[in-house]
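J.: Here is my input, please return the structure:
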Amino acid sequence: MLHRHNTVEADIFTLMAELGARARAAARPLATASTEKKNAALLAMAEALERNRGDILKANEQDMEEGRKAGLSSALLDRLKLDEARIASMAAGIRDIAALKDPVGKVIAEWDRPNGLHIERVRTPLGVIGVIYESRPNVTADAGALCLKAGNAVILRGGSDSARSSSAIHSCLVEGLRSAGLPENAIQRVPVTDRAAVGEMLKGLGGNLDVIVPRGGRSLVERVQTEARVPVFAHLEGLCHLYIDKSANPDMAVSVALNAKMRRTGICGAMETLLIDRAAADTLLIPVLDALKEAGCEIRGSEEVCARFAAAKLTSEEDWRTEYLDAIISAKLVDGVEEAIEHIETYSSHHTEAIVAEDEAAVDRFFNEIDSAILLHNASTQFADGGEFGMGAEIGIATGKMHARGPVGVEQLTSFKYRVRGTGQTRP
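T.: Residues are numbered from 1 along each chain as shown. Down below sits the predicted model:
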């Protein structure tokens with residue numbers, strides 16, 4: 001038995017090493033590929049997704065059936081599910097990426113030195129990116145397309161629950177690469193679900209991986225951040241807050257809160273904690289909570305909220321730290337924007353926070369004092385999405401402070417180098 005275990009580990013090591021070597025080889029011509037060729041591949045990918053949607057839906061239904069048998073939560077099943085509209089959205093997202101300006105080769109800054117040297121800072125691809133994700137098969141399309149546009153090769157490792165769906169989508173991406181004459185190994189998918197494959201990616205595949213992007217639950221992201229030997233773009237969770245100020249438009253407050261929580265409860269931009277200005281409790285609390293309850297949301301509240309709203313269940317300390325990813329919120333009354341900021345800074349995962357207010361001073365303070373990747377005024381937290389930011393799509397939301405923060409789109413998937421032009425200068 002031990003011999004068989006060692007054999008399996010050796011096979012996975014060899015498989016992953018080969019994926020890494022092929023990705024590195026593909027990254028070189030990809031870094032200098034023309035914008036026209038990359039866009040041609042992207043448009044062909046979008047067309048292939050639409051043409052093969054029947055096969056993709058069939059594969060997804062098999063994944064959904066297995067997920068139901070395995071007891072996946074409603075939130076995870078929602079992330080896993082594909083339908084005609086979601087496939088159309090994937091294709092549209094890839095076309096949006098094709099329409100973006102190519103970041104590769106863009107001069108970010110340039111200046112002249114007194115000695116005559118001309119210096120340019122220029123965007124370049126990162127190289128080879130590893131993406132490790134769970135449940136969402138659409139990440140296959142988003143990540144593959146974004147990495148290609150930014151001139152990077154990518155190795156995709158989806159979860160076992162979405163393996164069939166991801167494989168069907170990946171085939172469409174490879175078809176697009178082939179039709180444009182780009183290396184098919186530019187977008188590779190790990191063909192095994194063994195967790196040892198993730199371990200090999202975290203080690204860096206012999207120096208062939210330049211960065212890793214995890215998308216999934218807390219346990220996955222924590223493992224990646226703990227074990228990775230290469231840089232990581234990640235967030236642990238989306239513990240997002242919505243604060244409704246006493247100056248808020250009442251109808252807007254209800255509309256924004258309802259959308260922030262209930263549009264899609266299983267995404268990282270869903271509002272999990274609702275904070276309402278105590279000065280507006282008599283006019284805003286009940287209408288907002290009534291709307292959420294009628295939409296099927298469970299309300300958990302502080303003692304003060306429970307005293308005013310009979311249907312609320314009393315919160316525990318843990319509730320303020322919980323990303324529900326379900327139709328549940330925690331609600332609390334606070335003394336204005338100052339206490340709202342204090343609560344958010346205490347419990348937030350620094351992903352996305354929003355304020356509904358007409359008082360510009362309150363908005364300015366909220367924007368200036370809260371240290372989260374995305375802040376919104378009079379808009380739903382569910383706009384925390386690269387596509388909604390005009391980036392075409394995103395490979396994830398980064399909450400760290402190094403290199404990339406917020407939606408990780410094509411520009412964030414590049415680095416830069418310096419080009420220095422002289423006329424024979426030597427340094428004294």
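J.: the longest helix in the protein is where?
T.: What stands out as the longest helix in the chain, according to DSSP state H, is helix 2-31.
J.: when you compare where the following helix or strand past that helix runs with where helix 2-31 runs, what's the angle?
T.: Past helix 2-31, further along toward the C-terminus, the next helix or strand under DSSP states H and E is helix 35-51. With axes from the mean of the first three to the mean of the last three CA atoms, to 10 degrees as the criterion, the two stretches helix 35-51 and helix 2-31 enclose an angle of 130 degrees.
J.: all strands for the stretch 101-250 of the chain, in order.
T.: Per DSSP state E, counting those that start in this stretch, the stretch 101-250 of the chain has strands spanning 107-112, 118-125, 128-133, 153-157, 187-189, 211-215, 240-244. These are given in chain order.
J.: Worst mean pLDDT among the ones you listed?
T.: Mean pLDDT across the strands of the stretch 101-250 of the chain is lowest at strand 211-215; the value there is a mean of 90.
J.: how distant is that strand from the center of its chain?
T.: The offset between the C-alpha centroid of strand 211-215 and the centroid of the whole chain comes to 10 Å, using CA atoms, centre = their mean, to the nearest Å.
J.: So what's the residue count around Pro231?
T.: Applying other CB atoms under 10 Å, we find 16 residues neighbouring Pro231. Yep, even glycine has a C-beta here, placed from its N, CA and C like the rest.
J.: ok, it - contacts?
T.: When the contact criterion is CB atoms under 8 Å, 6 or more residues apart in numbering, the partners of Pro231 are Asp210, Val211, Ile212, Met402, His403.
J.: how much space is there between it and Asp210?
T.: Here the distance between Pro231 and Asp210 works out to 7 Å (CB to CB, to the nearest Å).
J.: related to what we said a few turns ago, ok, and for the longest helix of the chain, which residues are buried?
T.: Buried positions in helix 2-31, judged by neighbour count with 16 or more other CB atoms under 10 Å: 12-13, 15-16, 19-20, 22-27, 30-31.
J.: Strands of the stretch 251-400 of the chain, start to end?
T.: When assigned using DSSP E, counting those that start in this stretch, the strands of the stretch 251-400 of the chain occupy the ranges 271-277, 298-301, 313-314, 328-334, 352-356, 374-377, 397-398.
J.: Tell me which of the ones you listed sits most buried.
T.: The highest mean neighbour count among those belongs to strand 352-356 (a mean of 29), with neighbours defined as mean count of other CB atoms under 10 Å.
J.: what mean pLDDT does that strand have?
T.: What strand 352-356 shows for mean pLDDT is 97.
J.: what residue ranges in the stretch 1-150 of the chain score low on pLDDT?
T.: The stretch 1-150 of the chain contains residues with pLDDT under 70 at 1-10.
J.: Present the strands of the stretch 101-250 of the chain as TSV; the columns should include distance to Val410.
T.: Conversion of those to TSV gives the following (distance: least, CB to CB, whole Å):
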stretch	distance to Val410
strand 107-112	14
strand 118-125	10
strand 128-133	12
strand 153-157	13
strand 187-189	15
strand 211-215	13
strand 240-244	25
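J.: export these to CSV and tack on distance to Phe416 and mean neighbour count?
T.: Output for the strands of the stretch 101-250 of the chain, formatted as CSV (distance: least, CB to CB, whole Å; neighbours: other CB atoms under 10 Å):
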stretch, distance to Phe416, mean neighbour count
strand 107-112, 6, 11
strand 118-125, 5, 17
strand 128-133, 16, 28
strand 153-157, 19, 27
strand 187-189, 24, 25
strand 211-215, 14, 25
strand 240-244, 31, 28
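J.: quick one: which of those strands is nearest Gly422?
T.: In this view, the strands of the stretch 101-250 of the chain are compared for proximity to Gly422 by CB to CB, and strand 118-125 is the closest at 7.7 Å.
J.: That's all I had, so thanks and see you.
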